[in-house]
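[1] Below is the sequence, then the predicted model.
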Amino acid sequence: MSKAHFVFTKLHNSFSVHVKNLENLSVEQIQAIESFVRERKGLFDFNTYTFVIQKRLEFNEFVSLLQKSAIDVTCEENFLKIQQTQRVEFGKYKGLEYCDLPDSYLLWLKSNYSGKSREIVEAEIKFRNL
């Protein structure tokens, strides 16, 4: 059984975690990760293997949380070089900064949005290596 591999990225008002090897994990391991995310009122996106929890945490605080859980995991920290601090002016996430949008929504915008903020969306996607 593989050990889960998390890549932690601190965002402006939250953090994002990419599960690098999700396809190699057992159903029980995936359920434990889902439970961990759900208990913290986060969202897990199976399209991008990423979960987001709307809470400000540093990497070491996140690792401490994981150590208290039953999840056997290796963690690494990803450092962002530039963050988009402009705010979304439309839709479900109106008022939120682009840097705080879930990966799945950014990818949806890439395919379905052609408005004036298109360049911001593309820059954030490139910035996150999605």
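    That came in fine, so what should we check first? Residues are numbered from 1 along each chain as shown.
[2] Only the buried residues of the helix or strand hosting residue 66, if you could.
    Counting by DSSP states H and E, the element that carries residue 66 is helix 59-68. For helix 59-68, the neighbour count (16 or more other C-beta atoms under 10 Å) marks 59, 62, 66 as buried. Bear in mind the C-beta positions are built from the backbone N, C-alpha and C, glycine included.
[3] residues in contact with residue 98?
    Contacts for residue 98 (C-beta atoms under 8 Å, 6 or more residues apart in numbering) come out as 84, 85, 86, 87, 88, 106, 117, 120, 121, 124.
[4] Sorry, wrong one. I was asking about residue 103.
    Shown in contact with residue 103 (C-beta under 8 Å, 6+ apart): 16, 45, 48, 50, 52, 128, 130.
[5] Among those residues, which ones are in helices?
    Among the contacts of residue 103, no member falls in helices (DSSP state H).
[6] So if we follow the domain assignment, how does this structure break up?
    As given by automatic domain parsing, the domain ranges for the chain are 4-78, 81-130.
[7] gap between the first one and the chain center?
    Put plainly, it is domain 4-78. 8 Å (C-alpha atoms, centre = their mean, to the nearest Å).
[8] follow-up on the earlier one: need the buried ones from the contacts of residue 98 selected in PyMOL.
    Per 16+ other C-beta under 10 Å, the buried members of the contacts of residue 98 correspond to this PyMOL selection:
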select buried, resi 84+88+106+117+120+121+124
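[9] relative to helix 59-68, how tilted is the helix or strand harbouring residue 8?
    Following DSSP H and E, one finds residue 8 within strand 4-10. Relative orientation of strand 4-10 and helix 59-68, computed by axes from the mean of the first three to the mean of the last three C-alpha atoms, to 10 degrees: 150 degrees.
[10] can you pull the contacts of the residue nearest the centre of the chain?
    Residue closest to the average C-alpha location in the chain (C-alpha atoms, centre = their mean): residue 16, at 2.7 Å. Counting by C-beta under 8 Å, 6+ apart, residue 16 touches 8, 9, 50, 51, 52, 102, 103, 128.
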